[in-house]
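Colleague: Below is the sequence, then the predicted model.
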Amino acid sequence: QVQLVESGGGLVQAGGSLRLSCAGSRIIFSVSTIGWYRQAPGKKRELVAQLTSGGTTEYLESVKGRFTISRDNAKNTVYLQMDSLQSEDTAVYYCKATPQYVVRDYWGQGTQVTVSS
């Protein structure tokens, strides 16, 4: 079965950096749209960054210039480089994969990111 495994979360001070990874098994990331979402306590889940199979990226306005989404096809892994982290970035971060070849989404289990001010 398809599995997405996020890693790289943790506790970091404001202004610091983290790199999240989303590794996929039994799914082909190169022909999928991959999105990083986050959900803070009491808030709705929101799209933070997205990368299509064609390489088009999209970012939440508040993270533009600070976060970068990228993909390593050989490792079937998508990354979210997060720089200049702010306390408002504290949330559980999830990756979602939508393959071109099947009409459904797959979600990872999430990784906690906590930014201390």
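Modeller: Sure, I can see it. Numbering: from 1, shown residues only.
Colleague: residues near Thr68, how many?
Modeller: A count of nearby residues for Thr68, using other Cβ atoms under 10 Å, gives 16. C-beta coordinates here come from the backbone N, C-alpha and C atoms, glycine included.
Colleague: Wait, a strand at Ala74?
Modeller: No: going by DSSP: H, G, I helix; E, B strand; the rest coil, the assignment for Ala74 is coil, not a strand.
Colleague: and Gly10, what is it in contact with?
Modeller: By Cβ atoms under 8 Å, 6 or more residues apart in numbering, the residues touching Gly10 are 18, 112-114.
Colleague: Can you name the next helix or strand after the helix or strand where Gln50 lies?
Modeller: Using DSSP states H and E, Gln50 sits within strand 46-51. For strand 46-51, the following helix or strand on the C-terminal side (DSSP H and E) is strand 57-59.
Colleague: Who are the packing partners of that next one?
Modeller: strand 46-51, strand 67-72 (3 or more Cβ pairs under 8 Å, 6 or more residues apart in numbering; DSSP states H and E).
Colleague: still on that earlier bit, got the angle for the strand holding Gln50 vs strand 67-72?
Modeller: 40 degrees (axes from the mean of the first three to the mean of the last three Cα atoms, to 10 degrees).
Colleague: Pull up the pairing partners for strand 46-51, direction included.
Modeller: strand 32-39 (antiparallel), strand 57-59 (antiparallel) (DSSP bridges).
Colleague: Tell me the buried residues in the longest one?
Modeller: Buried residues in strand 32-39, counting neighbours by 16 or more other Cβ atoms under 10 Å, are found at 32-38.
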